[in-house]
Each structure stands twice: as C-alpha cells, then as structure tokens.
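[1] Take this sequence and fold it.
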Amino acid sequence: MTVKNGKNGKYYDYDGFVEKFKPKKTTDDCYTPPEVYDVVLYILVLSKLCMSRGIGV
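    Numbers count the residues shown, from 1 in each chain. Presented below is the predicted three-dimensional model:
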C-alpha cells in the first residue's frame, strides 16, 4: 500500500517511492500489435516501389 502525504507529496513506503521511477507505457506500447507495424511498412515499401516505376498508388 502506498501512503502519500497530501501536503508535499512524499512517499512513506519504499514501494511507492520506487513506483514513481518506473517507465510508464504509452498507448502505442499497450495497444498497437506488431502486425499493424508490418502492414504500414509493407505499404510504405510498396508505394516507394510503385513511385520508382512511375505507377500511381
């Protein structure tokens, strides 16, 4: 249990103190599956290939 003093925000236990230094996850870390990144990369590579051959995407 984390006990925090409301006046100055000091933590009175070790776990609460250590918790504030842990990196927080962003929504990209939590919700974007690797397959989405693979599709985006595929589209970028495909569009670059098409542009180099003069084909509109």
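[2] And the pLDDT at Cys50?
    Cys50 is assigned a pLDDT of 86 by the prediction.
[3] With Tyr12 instead?
    71.
[4] cool, the one 5 residues further on as well?
    Reported pLDDT at Phe17 in the predicted model: 85.
[5] buried ones in the helix or strand harbouring it?
    Using DSSP states H and E, Phe17 sits in helix 14-19. Under the neighbour-count criterion of 16 or more other CB atoms under 10 Å, helix 14-19 has nothing buried. Quick note: C-beta positions are derived from backbone N, CA and C, even for glycine.
[6] Quick check: phi and psi at Leu44.
    Phi and psi for Leu44, reported as degrees, to the nearest 10, are phi -60, psi -40.
[7] and it, how many neighbours?
    Residues near Leu44, counting by other CB atoms under 10 Å, number 10.
[8] What distance do you get for it to Ile55?
    To Ile55, Leu44 is 15 Å away according to CB to CB, to the nearest Å.
[9] Kindly report the same for Lys48.
    Distance of Lys48 to Ile55, computed by CB to CB: 11 Å.
[10] What segments of the protein are helices?
    Using DSSP state H, the helices of the chain run over residues 14-19, 27-31, 34-52.
[11] how far does the last one sit from the chain's center?
    Taking CA atoms, centre = their mean, to the nearest Å, one finds the center of helix 34-52 at 21 Å from the center of the full chain.
[12] So what's the residue count around Thr26?
    Burial of Thr26 is recorded as 9 neighbouring residues (other CB under 10 Å).
[13] Please apply the same query to Ser47.
    Counted with other CB under 10 Å, residues neighbouring Ser47 total 13.
[14] For burial, what's the neighbour tally of Glu33?
    No Glu there; residue 33 is Pro. Pro33 sits with 8 neighbouring residues when counted by other CB under 10 Å.
[15] Output the helix holding Phe17 as PDB, restricted to C-alpha atoms.
    Extracted in PDB, the C-alpha atoms of helix 14-19 (Å, rounded to 0.1, in the frame of the first residue of the first chain):
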ATOM      1  CA  TYR A  14       9.600   2.000  -0.400                       C
ATOM      2  CA  ASP A  15       7.200   0.600  -3.000                       C
ATOM      3  CA  GLY A  16       5.600   3.900  -3.500                       C
ATOM      4  CA  PHE A  17       8.900   5.600  -3.900                       C
ATOM      5  CA  VAL A  18      10.200   3.100  -6.400                       C
ATOM      6  CA  GLU A  19       6.900   3.000  -8.400                       C
END
